[in-house]
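1. I would like to see how this sequence folds:
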Amino acid sequence: MADRDRRGMLITNNGSEEVRVSMTSRVLRIGPGEEALITPEEVRDPSLRSALQERSIAIVRPATPEEDDALQERLGNDQ
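-> Numbering: from 1, shown residues only. Here you go, the predicted structure:
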């Protein structure tokens, strides 16, 4: 699959405490039961992959193209 075809992911915190993931692109804080979108590039971030392996967060589903676009726009405006 070409890089441009990759999609972000919707992730969730299944635990009872906030999870903080310091990625190269940003710091992600997810409270218990909360969900967050990550970009296709962030999917490959080593810190995020470590949190997934530790099962402190879990992937819910791939992001829709609309969610990917909205996240990219929001992150672009935050910088």
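2. Tell me where the chain is predicted with low confidence.
-> Within the chain, the stretches with pLDDT under 70 are 1-4, 78-79.
3. Quick check, central residue of it?
-> I38 (2.6 Å; C-alpha atoms, centre = their mean).
4. For that one, name its beta-bridge partners.
-> Per DSSP bridges, the residues bridged to I38 are M9.
5. can you start the count at 133 instead of 1 from here on
-> Got it, the first residue is 133 from now on, which makes the last one we talked about I170.
6. can you tell me which residues contact E173?
-> Applying C-beta atoms under 8 Å, 6 or more residues apart in numbering, we find E173 in contact with S157. Heads up, the C-betas are built off the backbone N, CA and C, glycines and all.
7. just checking, next helix/strand downstream of the helix or strand where it lies?
-> Counting by DSSP states H and E, the element that carries E173 is helix 172-175. Next helix or strand after helix 172-175 toward the C-terminus (DSSP H and E): helix 178-186.
8. Go through the very next helix or strand once past that following helix and flag the buried ones.
-> Per DSSP H and E, helix 178-186 leads on to strand 190-194 as the next helix or strand towards the C-terminus. Within strand 190-194, no residue is scored as buried using 16 or more other C-beta atoms under 10 Å.
9. now stretch 157-166
-> 160, 162.
10. count of neighbours near A202?
-> By other C-beta atoms under 10 Å, the residues close to A202 number 13.
11. how far away is it from T171?
-> 11 Å (C-beta to C-beta, to the nearest Å).
12. now P197
-> Going from P197 to T171 by C-beta to C-beta gives 13 Å.
13. Next: T196.
-> On the measure of C-beta to C-beta, T196 and T171 end up 13 Å apart.
14. repeat for P178
-> 15 Å.
15. Who has more neighbours out of those two?
-> T171 (20 against 9).
16. Name all residues that make contact with the closest residue to S157 other than its chain neighbours.
-> Excluding the flanking residues, the one nearest S157 by C-beta to C-beta, 6 or more residues apart in numbering is E174, at 5.8 Å. The contact partners of E174, taken as C-beta under 8 Å, 6+ apart, are 140, 155, 157-158, 180.
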